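**Q** Build me a structure from this.
(2 chains)
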Amino acid sequence: MRGRRAVLLLTLFGACACGRRPDPLPGTPRVFLWAWEHPEHLTFLDPHAAGVAFLARSVDWRGHDVTSTPRHQPLDVPPGTAMIAVVRLEAVAPPLPDAGTIVQEILTVELLPPIVAVQIDFDARESERQWYAGLLHELRGRLRPSIPLTITALASWCLGDPWIRSLPVSDAVPMMFRMGGAGPREVGDYSLSVCRSSVGVSTDEIAPVVPRGRRLFIFHPGPWTASAYRDAMQLARRLR
Amino acid sequence: MKYGWVLGLVLLSLLVFLPHYLDSCSFAPPELRFTTYHNPLPGELSSGRVGVLRPHFRRRYLLLAYRELSGVPLTADEMQAKQPEATGGDARIIEAWLNARKLVPGAAAIASLPNEKRVPGQDYETYTNCLGDAFTTAAATLQDRVKQWGATSPQTADWLRGQDQVFQNCGAGPAIPNAAPAGDKLLSADRDYQIAAAQMYAGYWDQARSAFDRIAADASSPWRATARYVAARVSIRQATLSKDTPKVGDAATRLEAIAKDPAAGPWQARAQALLGFVRASSEPGRQLAQLGDQLMRPGSGQQLERVLEDYTAIWDHMNGKDIPQENDLAHWIDVFQSTQAALDTWREKKTLPWLIAALRQSDAADLIAAARAVKPDSPAWDSATYYGILAQIRSGNLDAARTWADEAIAAKPETATLNLLRSERVKLSRDWAEFLRFAPRRPVTAMTDDDDLDEPIDPDSLKRKPVALDEDSVGALNHVVPLSLLIDAAKNSLLTANLQADIAQAAWVRAVVLGDGPSARALAQRLAKLKPELAGDMAKYLADQDPAASRFTATFLMLRAPGMEPLVRAGFGRETPVMKSDIMRDNWWLLKPPDREDGKHQALLDLYPDGHFGPVDFLPPAQRAQGEKEWQDLNRLAANSVNYLCANTIDWARAHPQDARVPQALHLAVEATHYGPSEKSSPYSRQAFDLLHRVYPNSDWTKRTKYWY
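**A** Sure thing, here's the model as predicted:
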C-alpha cells in the first residue's frame, strides 16, 4: 500500500507541477513597464506595484558585421525598482553571425546596477530558430545562475509551436499586440507552459482577455508619462 | 495491472495538463493595402511623382515632396543619398586599429577595447566615448610614424604606449600618458595631443580644452588645426554630459570662428556641420529654417540625407512647439499635418504645396478650379486630382466629381493613386454596375504592423491576390447588398474569378442561414464551378430536395469547413484554406454591428468620415431595404456561428439519430466550441458532447471526443 500511495502522491504532484509553474520572477511586481529607447523619467512609478523592463542594449548584424549599441537615453526610476535588462536582437541581413559574439555583447548587461532578469527580444524567423536556441543555451551557461533568462515570444510560438519548448528560459512573454487583424484576443489557451506566466500588452491597443495571475509586461509607444502610467496600472487591474 | 488505476490517473493528469498542439504555426498575416501609409512608393519618387500626399506620411517624405512640388526636382545623386552608416563604436573600426597596432613588433596584444561609459549620474544610460574618427586617425598616424621612425624604433614604441593609454579611457581609465622624453619634436607634439585626448576621454574637460588650446596656438604642431576643432567638441561634451549648459555657447563661438576661417581648410565644413548640432539644441527654430533653405538647394548630393535626418530629428525634438511660421516649408508641414486652415495662405502664395494643403479642408470654387487646372505631368497632379474630387463630393457637386474621376482614371495614374480614385468613384456610383466596375483594386503594399515603411508588394503576394476588395466595397456587399445582387456578382464579368468565388461562398452561407433555398441552390451550382474543392460537397447539397435535410447537409459541410462565413473580406481575406482550421482561431464567424473603423484606413475616412465604410446610395431603395433586412435577419438567426451550427446539429441529431453523419457532426460541433468564437456560457458544447456519448458510445467519433468546452 505504501508503494501505491507513493505513486499516487507522485502522480498528483506531477499533475500539479504540470498545471502550475513556479513564478519565473519570484518576489518581483506583477506588472513591468517596457521602457524602450526614449528618455524615460519614471520617478512617479510605485516600485511595489511595477517594475521596469528597459532596453539596455540593441545588437544587430549584417552578416558577420555586428553592431552593438548600449542604451543612449536616460532612465530614472525610484530606488528599489525591480529592473529587467532587455536586449533587442535584430538581423538586418544574413548570414547569422557567431552566436558567441552576440552572447558576449548580451553579457555586458551584467555590469549594470542590479537587475532581476535578462530578457532577450528577437523575432526569430523559422530559419533562425536553431541558431537562436543555440545562442540562448550558450547565454544561459555563461550568465550568472542567479539571473533568470527570459524571452519575448511571438504569439504563434505560444500557440503550440513546439520549437520553444526546449529553450533554457524561465519565461516567454507572448506579445499580444502589433499582431495585425488576425491576432487572438484571448490568451487562455496558450498551450506551452513557458508561455503561461506572463503576457505582453500595449497601451494603444485593445487589451486581450488575459487569465488571472499572469504577469503583465506593458508597452507604451513613446516615453512613459504619469498619466500613461496611471492608465497602464488601471489596465493591469482590469486584466488581472 | 496491479497499478492500472494509478496508470489511468497518470494518463488522465497528462491529458488534463499537457498542452494540445495545433498542426502548424504562422505569423500574423500581413495586411494588404491599396495605398501607402507612411511614404510614396519608391518608384513614384524616382519618376518625379509624389503620389497622393497624406498628412500621416513620414515628414522626410513630405520634405522631399515639398521640394518636388516647389519645382526643385530631386537629382539622381540625391535620390541615391542614403543614411550614412553610424561609425561611433563600430566594431570594425576598432578592429582596424587593433590590427594596425600589429605593425609594431612586440606590442602587447589587445583582445578588445571597451568603448562605452556610463553617463554621469545615470545608472542605465551610456554613451559611446571614442568616436570612429579617433581610431581611424590613430591607425593612419601609426602607419605614418612607422614609416618615419621605423617599426622597431623606441619612438614608435613610446608613441604606441601613449596611444594605448589614450584609448584605455574609452571604456575605463583614467589613464593619462606622461610627457614624451626630450629629443624628438614630432613625438613631443604627438604626445601633447595624446595627453589632451586622454584628458578628454577621461572627462577632465577643463584640462583637456586648455591642452587643445595650447596645441592650437602652437604653429609648429601638426595637430594645430585638429586641436582647434576638438577643443570645441570638448565644450559640447561638457555641456551634454556634465549639464554645463553655458559651454554650448563656448562651443558655438569656437565653431563659428573655424567655419568662417578659410585657413581652416577641411575643418571649415566639419565645424559648420557641428555648428548645426549645437544650434539645434540652442536655437532649434532657426536651425530648422536654415536646414529648410539647404533642402531647397538643388544638387546637394549625398548631403541631402544629412539635411533630412537633421530636419526631422529637430522637428521631433521640438514636439510641435515654436515651429517657425515665417519659414514656408516648416509652416506648410505644420499645417498639412494638422487641421489648420490653409485657404488664405494658398490665396496669398498660389503655390502647389499650399494648393494641396488647402484642398484637404476647403471646397472653395477658386481652389477647385485651380486643382482642375493642374496638368497630368505635374508632380502635384495626383494630390490635386484626388483632393479636388473629394472637395467636389463634399460640396455636393457629384456630377462634376464623377466626370473628373472618370477622366482621371482614364489617364492611367500610378496604382496607389488609381486605387484612391476608384474609391472615390465607388462612392459616386449611380448603380450596381458602376459599383462593381470600380470596386476591385490592385494591392500596392502588404504591411505587417511593425513595418516602418511601405514597400512595393512582392510578386508572390501579388500572385495570390492580384485583385482584391477594399473595406468600402466589402462594407456595402456585407451590409446593404441583397442576395439577389450577390448572385449576380458571383457571375459578373466585371469581377475576377477569385472575387466571384469569394462572393459566391459568402452568399451561399448567407442564403442557407436565411433559408432562401432557391438562392442557395443557384449559388451552390456557381460555387461548384468556381471552387472545385467544394464541388463534391455542393453536389451533395444540391442532391437533397428536402429543405430540412439540405440545411443539415449544409451545416455538416460548414462544420467541416471552418473557413465558411456569410461575409466577404477585404484584402487577403482568410489565408487558411476553407476546409482547414486556422491556428489563430480565425474560424467560422461572429457577426457584429459594423464598427467605426479606426485610423488604419485614413484614406477611406476621407470619403466616409463617420467610419462606416461603403456606399449605399447606388442601390434603389427597395434593394437597399432588402439588403438591410437580410443583414438584420442574418444577425438574428446566426450572429454566432458556433451557436448556429451546434443548434442545427443537435436538432437534426435528435430527429435523425440513424443518420450516419450525426456522430461526426456532433464531434465537430464540440470541436467548434473550442476552435470557433463560442460563448463561455453556451450550453451547446455540453449538449452535443452528452448526446454523442449517450447515443453513440461505440463510435470512433465519440472516442475522439474526450472533452466538452
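**Q** Please name the residues that touch whichever residue of the stretch 151-300 of chain B sits closest to chain A.
**A** Residue of the stretch 151-300 of chain B nearest chain A, by CB to the nearest CB: B:G171 (10.2 Å). From N, CA and C alone the C-beta is placed, and that goes for glycine too. Residues in contact with B:G171 (CB atoms under 8 Å, 6 or more residues apart in numbering or on different chains) are B:L113, B:P114, B:N115, B:E116, B:K117, B:N129.
**Q** Of the residues you listed, select the buried ones using a ChimeraX command.
**A** Entered in ChimeraX, the line below selects the buried ones among the contacts of B:G171, by 16 or more other CB atoms under 10 Å in any protein chain shown:
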select /B:113,114,115,116,117,129
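**Q** Nearest to chain A among the contacts of B:G171?
**A** Distances from chain A to the contacts of B:G171, taken by CB to the nearest CB, are shortest for B:E116, at 5.1 Å.
**Q** What residues sit buried inside stretch B:178-193?
**A** Buried residues in stretch B:178-193, defined by neighbour count with 16+ other CB under 10 Å: B:A180, B:D184, B:L186, B:L187, B:S188, B:A189, B:D190, B:R191, B:D192, B:Y193.
**Q** which pair in these spans the largest distance?
**A** Using CB to CB, the two most remote members of the buried residues of stretch B:178-193 are B:D184 and B:Y193, lying 14.1 Å apart.
**Q** quick one, helices of chain A?
**A** In chain A, the helices defined using DSSP state H lie at A:2-19, A:99-106, A:129-142, A:155-158, A:226-239.
**Q** Remind me what the fourth one packs against, helices and strands.
**A** Okay, so that is helix A:155-158. Other helices and strands packing on helix A:155-158, by 3 or more CB pairs under 8 Å, 6 or more residues apart in numbering or on different chains; DSSP states H and E, are strand A:171-175.
**Q** Run through who's touching the strand it packs on.
**A** So strand A:171-175 is contacted by A:24-25, A:117, A:119, A:148, A:150-155, A:157-158, A:164, A:187, A:190, A:192, A:194-195, A:197-200, A:215, A:217, A:219 (CB under 8 Å, 6+ apart).
**Q** so for that strand, what's the average pLDDT?
**A** Computed over strand A:171-175, the mean pLDDT rounds to 91.
**Q** cool, stretch B:284-293 as well?
**A** Average pLDDT, stretch B:284-293: 90.
**Q** cool, and stretch A:149-156?
**A** 90.
**Q** before we move on, what about stretch A:22-41?
**A** For stretch A:22-41, the per-residue pLDDT averages 92.
**Q** buried residues in that stretch?
**A** With burial defined by 16+ other CB under 10 Å, the residues of stretch A:22-41 counted as buried are A:23-25, A:28-36, A:40.
**Q** Which segments of chain B make up each domain?
**A** Residue ranges for the domains of chain B, per automatic domain parsing: B:33-81+B:328-432, B:91-318, B:464-703.
**Q** And the pLDDT for residue 238?
**A** I'll assume chain A. 77.
**Q** Switch to chain B, please.
**A** On pLDDT, B:Q238 comes in at 94.
**Q** Following element in sequence after the helix or strand containing it, please.
**A** Here B:Q238 is covered by helix B:224-241, with elements defined by DSSP states H and E. Next along the chain after helix B:224-241, taking DSSP H and E as the criterion, comes helix B:246-260.
**Q** Tell me which other helices or strands that following helix touches.
**A** Using 3+ CB pairs under 8 Å, 6+ apart: helix B:246-260 touches helix B:224-241, helix B:267-282.
**Q** Show me what counts as buried in that helix.
**A** For helix B:246-260, burial by neighbour count (16+ other CB under 10 Å) applies to B:K247, B:V248, B:D250, B:A251, B:A252, B:R254, B:L255, B:E256, B:I258, B:A259.
**Q** hang on, the earlier thing: winner for burial among the helices and strands packed on helix B:246-260?
**A** Each of the helices and strands packed on helix B:246-260 was scored by mean neighbour count; the highest is helix B:224-241, a mean of 21, by mean count of other CB atoms under 10 Å in any protein chain shown.
**Q** Let me know the angle separating that helix from helix B:246-260.
**A** 150 degrees (axes from the mean of the first three to the mean of the last three CA atoms, to 10 degrees).
**Q** Report the distance from helix B:224-241 to the chain centre.
**A** With CA atoms, centre = their mean, to the nearest Å as the basis, helix B:224-241 stands 39 Å off its chain's centre.
**Q** and it, what does it pack onto?
**A** helix B:185-202, helix B:205-217, helix B:246-260, helix B:267-282.
**Q** ok so, going back, need the helices and strands packed on helix B:246-260 in JSON lines (columns: distance to B:K703).
**A** Listed next are the helices and strands packed on helix B:246-260 as JSON lines, based on distance: least, CB to CB, whole Å:
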{"stretch": "helix B:224-241", "distance to B:K703": "72"}
{"stretch": "helix B:267-282", "distance to B:K703": "72"}
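**Q** Now the element after the worst-scoring helix or strand of chain B on mean pLDDT, going C-ward?
**A** Across the helices and strands of chain B, mean confidence by mean pLDDT, DSSP states H and E is lowest for helix B:4-17: a mean of 42. The C-terminal neighbour of helix B:4-17 among helices and strands, as given by DSSP H and E, is strand B:31-33.
**Q** mind checking how far that following strand is from the chain centre?
**A** Distance of strand B:31-33 from its chain centroid, counting by CA atoms, centre = their mean, is 11 Å.
**Q** in its sheet, what does it sit against?
**A** Applying DSSP bridges, strand B:31-33 is found paired with strand B:445-447 (antiparallel).
**Q** ok, then the element right after the strand it pairs with?
**A** Using DSSP H and E, the helix or strand that follows strand B:445-447 in sequence is helix B:459-464.
**Q** which parts of that next one are buried?
**A** In helix B:459-464, counting by 16+ other CB under 10 Å, buried: B:L462.
**Q** all strands for the chain, in order.
**A** Looking at chain A here, since you left the chain open. With DSSP state E as the criterion, chain A has strands at A:31-35, A:40-41, A:51-62, A:65-70, A:75-76, A:83-93, A:117-121, A:149-154, A:171-175, A:198-202, A:215-219.
**Q** nope, chain B please
**A** Using DSSP E, strands in chain B cover B:31-33, B:116-118, B:126-128, B:445-447.
**Q** before we move on, back to that, quick one: which of the buried residues of stretch B:178-193 is nearest B:P353?
**A** B:Y193 (49.8 Å).
**Q** my read: that closest one touches B:I215, true?
**A** Yes: judged on CB atoms under 8 Å, B:Y193 makes contact with B:I215 at a distance of 5.9 Å.
**Q** any shared contact partners between these two?
**A** Common neighbours of B:Y193 and B:I215 (CB under 8 Å, 6+ apart) are B:S221, B:W223, B:A227.
**Q** Redo these as a markdown table? Include distance to B:D502.
**A** Output for those, formatted as a markdown table (distance: CB to CB, whole Å):
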| residue | distance to B:D502 |
| --- | --- |
| B:S221 | 77 |
| B:W223 | 72 |
| B:A227 | 72 |
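**Q** got any ranges where the stretch 1-150 of chain B has weak pLDDT?
**A** Scanning the stretch 1-150 of chain B for pLDDT under 70 picks out B:1-30, B:42-43, B:80-90.
**Q** Oops, could you answer that again for chain A instead?
**A** In the predicted model of chain A, residues A:1-21, A:160, A:178-191, A:206-209, A:240 satisfy pLDDT under 70.
**Q** Pull up the gap between A:P223 and A:G200, please.
**A** When distance is defined by CB to CB, to the nearest Å, A:P223 is 18 Å away from A:G200.
**Q** For those two, work out which one has more neighbours and name it.
**A** Ranked by neighbour count (other CB atoms under 10 Å in any protein chain shown), A:P223 and A:G200 place A:G200 first, with 25 against 14.
**Q** Near A:R125, how many residues? Count them for me, please.
**A** Using other CB under 10 Å, A:R125 has 11 neighbouring residues.
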